[in-house]
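Participant: From the sequence below, what's the structure:
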Amino acid sequence: MPLDIGIGGGGSCVPRPDEPSLQLHNDGYYWFLQPLFAELRSETGQSIDLYDDSTFSGTGLAALERVITRAIALVQTQPACWQVHTGTQMHPEFQELFEEVRQDRFLELLHNWQEVISRARNLDRPVVCWGD
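Facilitator: Presented below is the predicted three-dimensional model:
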């Protein structure tokens, strides 16, 4: 199941369907961002996790915006396509797992996230992440 990210309303972590939104999946795009998400959690106490919910408003929303801006800068330094470590298979044999990500798709995803943040700020609403 994906992590749905969008604009909150009504005290729920479910993004409003009538507003901009995006999804993260258990793939290279999510795992490339994971170190930035860990820093965000240290700063805000909120996790961006595939299996958990979180809400970003006020200073937390500003911190999220800084993380997305840093992510864009990082992705822009990468080649057109690259491999991201997504996990380790233990059985039936040990194997490191990697997935290819594309810079153009990644930048589109991150720019969509910036749009969600901007719209949430304009509406004075939080950005919510609704995990599985």
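Participant: May I see the buried residues of the longest helix seen in the chain?
Facilitator: When secondary structure is assigned using DSSP state H, the longest helix within the chain turns out to be helix 103-123. Applying a neighbour-count criterion of 16 or more other Cβ atoms under 10 Å, the buried positions in helix 103-123 are 106, 109, 110, 112, 113, 116, 117, 119, 120, 121. The way it works is simple: take the backbone N, C-alpha and C, and place the C-beta from them, glycine included.
Participant: How about stretch 88-99?
Facilitator: Along stretch 88-99, these residues count as buried under the neighbour rule (16+ other Cβ under 10 Å): residue 99.
Participant: And that stretch, end to end?
Facilitator: Distance across stretch 88-99, first residue to last, is 12 Å (Cα to Cα, to the nearest Å).
Participant: Likewise for stretch 44-64?
Facilitator: Start to finish, the residues bounding stretch 44-64 are 9 Å apart (Cα to Cα).
Participant: Please report how far the nearest residue to residue 99 once chain neighbours are set aside lies from residue 76.
Facilitator: The shortest distance from residue 99 to any residue that is not its chain neighbour, by Cβ to Cβ, 6 or more residues apart in numbering, is 3.7 Å, and that residue is residue 28. Distance, residue 28 to residue 76, using Cβ to Cβ, to the nearest Å: 17 Å.
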